[in-house]
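**Student:** Next comes the sequence, and after it the predicted model I'd like to discuss.
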Amino acid sequence: MNTIQRAVLIRSYGGAAAVEVADIPKSEPKEGQVLVRVRAAGVNGIDWKVREGNVRNAFPLPLPIVLGAELAGVVDAVGTGVSHLQVGDRVMGAMGRLGAYAEFVTVNAATLSHTPDGLDDVGAAAIPVAAVAAWNSLNHAGSIQSGQRILIHGAAGGLGGYAVQFAKRAGAEVFAIAATADTDYVRSLGADHVIDYQTQSFEELVRDIDLVLDYVGGEILDRSWQVLTQNGVVVSTVSPDILARTPANRRGLWFMNKPDPELLERLAEEVASGKLQSRISEVIGFADISEAIERNRTASRAGKVVADFAL
Ligand SMILES: NC(=O)c1ccc[n+]([C@@H]2O[C@H](COP(=O)([O-])OP(=O)(O)OC[C@H]3O[C@@H](n4cnc5c(N)ncnc54)[C@H](OP(=O)(O)O)[C@@H]3O)[C@@H](O)[C@H]2O)c1
């Protein structure tokens, strides 16, 4: 058995040059784990945030560390105490930590879902972080009710594309904010009102918002308090310091995603059946992951970027 495999990792914090493709040992699944042969992995903002050391206080991680927060692949070996997965099963999931950019990864079996028939591995790898984070930031952290008005910053992004659809389905009036090039896309997802952040200021156009989903952060968060109703809330997936930035008479909540395999399986079925749209803007090869991580930080995009390990 080949015990060496390729992985995308960092040995120290830094810019794009800190990321390298290296050979590392393949590990054996321990109790409660499976070994997954990874076929595809989604690229996420957490990759460059960890790379740069931005989140080292919130998530202390031992270096070197393999990057990659979500994967799809096939079970290659099963540890003791795992009964619901077998060798050969197609699986998908969020790591709950990092490590997905390796040819083989040991994963806590309880965090994985079966990949539905009708969904290929690249399609599956786009869903675990973004769709689950969008659903839970909207429904749990945000508690959206039918008839409420919701404003979504980053509506064309990985999370935003799903959140627009979930909010519309919940009966909300949806204000979606996106770049000029993506306004038709977010409208096609069901947004009732589309605001182009490159030419318009949302705070001059909207009022009485019950829920703001902040998938952008920074000054966008700081400008959002003024559009809320008296009981309105801002939920941010980007600014962990939101509580400190919340004005006295306002409500702000930090949202932290966790693997949710049951929800993931349901949402993946919806993607497979065409009920939920899942946009992949670019499919890259394993060797291009480092570049894609950097582009996640710097470049414009709608939807998800996924690495296909067969390329
Ligand atoms: N806390 C958690 O558990 C958690 C989980 C998942 C993701 N996240 C974080 O949540 C954020 C969103 O994730 P994502 O995967 O959806 O990122 P993404 O795919 O990069 O989407 C962000 C979107 O925001 C758009 N955007 C940039 N500036 C904007 C503005 N001023 N107004 C409106 N839209 C703007 C971008 O468009 P352009 O590129 O065209 O400008 C892009 O389409 C990231 O920071 C990510 O790291 C956190």
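**Tutor:** Done, it's in. Numbering: from 1, shown residues only.

**Student:** residues from the chain in reach of the ligand?
**Tutor:** Taking CB under 6 Å from any ligand atom as the criterion, the chain approaches the ligand at residues 44-46, 129-130, 133, 153-154, 156-160, 177-179, 197, 215-216, 220, 237-238, 255-257, 300-302. To be clear about C-beta, it is placed using only N, CA and C from the backbone, and glycine gets the same treatment.

**Student:** Among the residues you listed, name the ones in strands.
**Tutor:** The strands, defined by DSSP state E, take in 153, 177-178 from the residues of the chain next to the ligand.

**Student:** ok, of these, which one's closest to D121?
**Tutor:** Set against D121, the nearest of these by CB to CB is A178 (28.1 Å).

**Student:** residues near that closest one, how many?
**Tutor:** 27 (other CB atoms under 10 Å).

**Student:** Please report phi then psi for the closest residue to it other than its chain neighbours.
**Tutor:** Once flanking residues are discounted, A178 sits nearest to A156: 4.0 Å by CB to CB, 6 or more residues apart in numbering. When quoted as degrees, to the nearest 10, the phi and psi of A156 stand at phi -90, psi 0.

**Student:** residues contacting A156?
**Tutor:** A156 makes contacts with 176, 178-179, 182, 185-186, 302-303, as judged by CB atoms under 8 Å, 6 or more residues apart in numbering.

**Student:** could you redo the last one with a cut-off of 7 Å?
**Tutor:** The contact partners of A156, taken as CB atoms under 7 Å, 6 or more residues apart in numbering, are 178-179, 182, 185-186, 302.

**Student:** Just the buried ones from the residues you listed?
**Tutor:** 178-179, 182, 185-186, 302 (16 or more other CB atoms under 10 Å).

**Student:** what about the strands in the stretch 1-150 of the chain?
**Tutor:** Applying DSSP state E, counting those that start in this stretch to the stretch 1-150 of the chain gives strands spanning 4-10, 19-25, 33-42, 65-66, 70-78, 90-94, 104-108, 113-114, 149-153.
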